[in-house]
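Q: after the sequence you'll find the predicted model.
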Amino acid sequence: MSNLRSTLRHPDDFYPLVKLKLAMRKAEKQIPAEPHWAFCYSMLHKVSRSFALVIQQLDTDLRNAVCIFYLVLRALDTVEDDTSISTEVKVPILKTFHRHIYDSEWHFSCGTKNYKVLMDEFHYVSTAFLELERGYQEAIEDITMRMGVGMAKFICKEVETVDDYNEYCHYVAGLVGLGLSKLFHASGKEDLASDTISNSMGLFLQKTNIIRDYLEDINEIPKSRMFWPRQIWSKYVNKLEDLKYEENSIKAVQCLNDMVTNSLTHAEDCLKYMSALRDPAIFRFCAIPQVMAIGTLALCYDNIQVFRGVVKMRRGLTAKIIDRTKTMSEVYGAFYDFSLMLKSKVDEADPNARKTKDSLETILKICRDSGTLGQRKSYIVQRKPEYNATLIAVIFIIMAILLAYLSSMCKFYPCNNDV
């Protein structure tokens with residue numbers, strides 16, 4: 001019902017939602033027949049449906065490599081995230097995880113729900129890994145080893161300073177950026193991007209997730225997971241968990257804005273990285289999550305709901321981003337719009353207002369200098385519906401029938417979706 005109300009408020013979301021639904025169904029039907037590959041792609045759909053959709057854009061060899069890279073790192077992350085595992089057990093596993101991917105019989109029971117299944121049946125992932133080209137295997141092994149060592153370091157070390165924060169995010173996400181750049185290069189489709197901008201691609205996404213997931217992480221049982229750096233939060237409260245209490249709302253929002261401002265410093269590198277990509281499929285694979293990140297930061301900034309529940313984009317806006325993000329001009333337009341949205345929320349009384357505006361102005365200038373903004377479809381210009389709610393509901397029903405018809409046709413004819 002909430003999705004229906006959202007669509008009625010934003011009727012232009014409906015067509016992208018239809019395309020997204022059809023694309024997801026098509027992706028689910030493209031799961032390979034071999035048992036180990038079937039497990040890997042089925043698991044990918046379960047742990048990240050949006051990633052499973054975007055990855056379908058890639059050619060088969062690169063798609064398989066990226067799929068396994070994602071699942072290996074997701075498994076490694078599952079070990080790190082499981083707070084029920086003792087440090088004595090967890091640290092050695094993290095440090096040696098890169099060796100286990102060569103062992104088609106290895107598995108380790110941890111995690112919950114789909115992640116537990118991934119760990120229990122990890123031998124399927126290892127079997128698929130062993131079928132990849134050697135260049136892909138070496139890139140995945142290298143990043144897995146470095147990430148495991150970094151994660152182990154922060155099991156025994158808290159995130160105290162901003163430098164610690166950047167280092168932790170490098171280990172858990174920046175290395176993903178480096179790894180993907182290596183995979184793209186190994187495919188022969190892209191030049192090898194520099195480590196600096198590859199790292200920023202990962203940090204921008206990871207820092208966005210850390211900000212958005214504050215409440216979930218702080219309420220983790222049996223032990224809180226704390227990733228916000230003390231150097232930032234200690235300016236506002238005595239303990240990180242104090243941010244969630246209503247009496248600290250003003251300080252909490254100021255701290256949140258400080259964290260968002262820190263994240264924005266990576267946007268310039270991300271735009272540079274994406275502008276250098278040549279392959280359209282790789283471009284979309286990289287660009288969609290980055291646009292989602294800048295949009296999520298715009299929603300989170302100055303938003304007390306980060307400390308009360310879940311802040312995320314409405315599904316229709318997500319569908320629009322996936323539908324529209326095809327070229328660099330569209331990325332510039334999205335970054336421009338969401339940066340303007342964020343800038344409109346900056347209060348001059350905020351302790352970091354000047355720093356926030358300076359970071360945003362850097363992004364806005366890059367986008368303006370691209371000379372492509374006139375071509376964009378805006379994400380933030382709100383137009384009043386031209387029809388009343390009843391008529392929109394009728395249109396919604398007709399479109400739902402059309403969706404059902406198109407879905408049934410896909411069973412008999414190939415679906416040519418560009419999502």
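A: Thanks, I have the structure now. Numbers count the residues shown, from 1 in each chain.

Q: so which strand or helix has Lys223?
A: Here Lys223 sits in a region with no helix or strand, counting by DSSP states H and E.

Q: quick check: it touching Ile85?
A: No: counting by CB atoms under 8 Å, Lys223 sits too far from Ile85 to count as a contact (10.8 Å). The way it works is simple: take the backbone N, C-alpha and C, and place the C-beta from them, glycine included.

Q: between these two, who's got more neighbours?
A: Ile85 (19 against 8; other CB atoms under 10 Å).

Q: need the contact list for the more buried one.
A: 79, 110 (CB atoms under 8 Å, 6 or more residues apart in numbering).

Q: what distance do you get for it to Cys110?
A: As for Ile85, its distance to Cys110 is 6 Å (criterion: CB to CB, to the nearest Å).

Q: who's in contact with Val117?
A: So Val117 contacts 43, 46 (CB under 8 Å, 6+ apart).

Q: buried sites along the helix or strand where it lies?
A: Using DSSP H and E, Val117 sits in helix 113-120. Across helix 113-120, burial judged by 16 or more other CB atoms under 10 Å covers 114-115, 117-119.

Q: return it as PDB; C-alpha atoms alone will do.
A: Extracted in PDB, the C-alpha atoms of helix 113-120 (Å, rounded to 0.1, in the frame of the first residue of the first chain):
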ATOM      1  CA  LYS A 113      19.500 -16.100   6.700                       C
ATOM      2  CA  ASN A 114      20.900 -16.000   3.200                       C
ATOM      3  CA  TYR A 115      24.400 -15.200   4.400                       C
ATOM      4  CA  LYS A 116      24.400 -18.400   6.400                       C
ATOM      5  CA  VAL A 117      23.500 -20.400   3.300                       C
ATOM      6  CA  LEU A 118      26.300 -18.600   1.400                       C
ATOM      7  CA  MET A 119      28.800 -19.700   4.100                       C
ATOM      8  CA  ASP A 120      27.400 -23.200   4.500                       C
END
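
Q: identify the residue nearest Arg74 in space, chain neighbours excluded?
A: Nearest non-adjacent residue to Arg74, counting by CB to CB, 6 or more residues apart in numbering: Val47, 6.0 Å away.

Q: how many residues are close by Val149?
A: If you count neighbours by other CB under 10 Å, Val149 ends up with 16.

Q: meant to ask about Leu271
A: Per other CB under 10 Å, the neighbour tally for Leu271 reads 24.

Q: low-scoring stretches of this structure, by residue?
A: Filtered on pLDDT under 70, the chain yields the residue ranges 1-10, 27-28, 380-419.

Q: you'd agree Tyr332 is up against Cys270?
A: No: with contact defined as CB under 8 Å, Tyr332 does not count as touching Cys270 (11.6 Å).

Q: ok, now how distant is the residue nearest to Arg74 from Phe338?
A: From Val47 over to Phe338 the distance is 26 Å, taken as CB to CB.
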